[in-house]
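S.K.: Got a sequence here, can you model it:
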Amino acid sequence: MARNASSGLAGSEECKERFLEMKARRTHRFIVFKIEEKKQKVTVEKLGEPCQSYDDFASSLPDNECRYGVFDFEFTTP
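M.R.: From the prediction side, this is the model:
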C-alpha cells in the first residue's frame with residue numbers, strides 16, 4: 001500500500017485486503033487498525049466476527065491509545 005503523503009505512514013497489504021473483504025463479502029463486522037510507530041505502518045489489530053455488535057467493537061478499543069476503526073453498521077430505511 002502506498003504511503004500517505006501527509007503522515008508518511010504506509011498501510012500494510014493486510015489492511016487493504018481485510019477492508020475489501022468487509023466491503024464486498026461482509027466477512028467482518030469491524031476492523032481495528034493500529035499504528036506501529038517503530039515500523040512506520042498501519043496494521044490490522046483486530047477483526048470482528050459478523051455476529052459481533054457495536055458494543056463488541058467499542059470494547060475492543062483501548063482506553064488510552066489511539067486506534068482507527070471501521071464498523072459495518074446495518075440499518076433499514078422506510
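S.K.: going forward, measure contacts between C-alpha atoms and count neighbours the same way
M.R.: Noted.
S.K.: quick one: the closest residue to residue 47 other than its chain neighbours from residue 78, how far?
M.R.: Take residue 47 and drop its neighbours on the chain: the residue closest to it by C-alpha to C-alpha, 6 or more residues apart in numbering is residue 31, 4.8 Å away. Using C-alpha to C-alpha, to the nearest Å, one obtains 28 Å as the distance from residue 31 to residue 78.
S.K.: In terms of secondary structure, what does the longest helix along the chain contact?
M.R.: Counting residues, the longest helix in the chain under DSSP state H turns out to be helix 13-25. Secondary-structure packing of helix 13-25 (3 or more C-alpha pairs under 8 Å, 6 or more residues apart in numbering; DSSP states H and E): strand 30-36, strand 41-47.
S.K.: These: which one's closest to residue 57?
M.R.: Taking C-alpha to C-alpha as the measure, those were each checked against residue 57, and strand 30-36 came out nearest at 6.6 Å.
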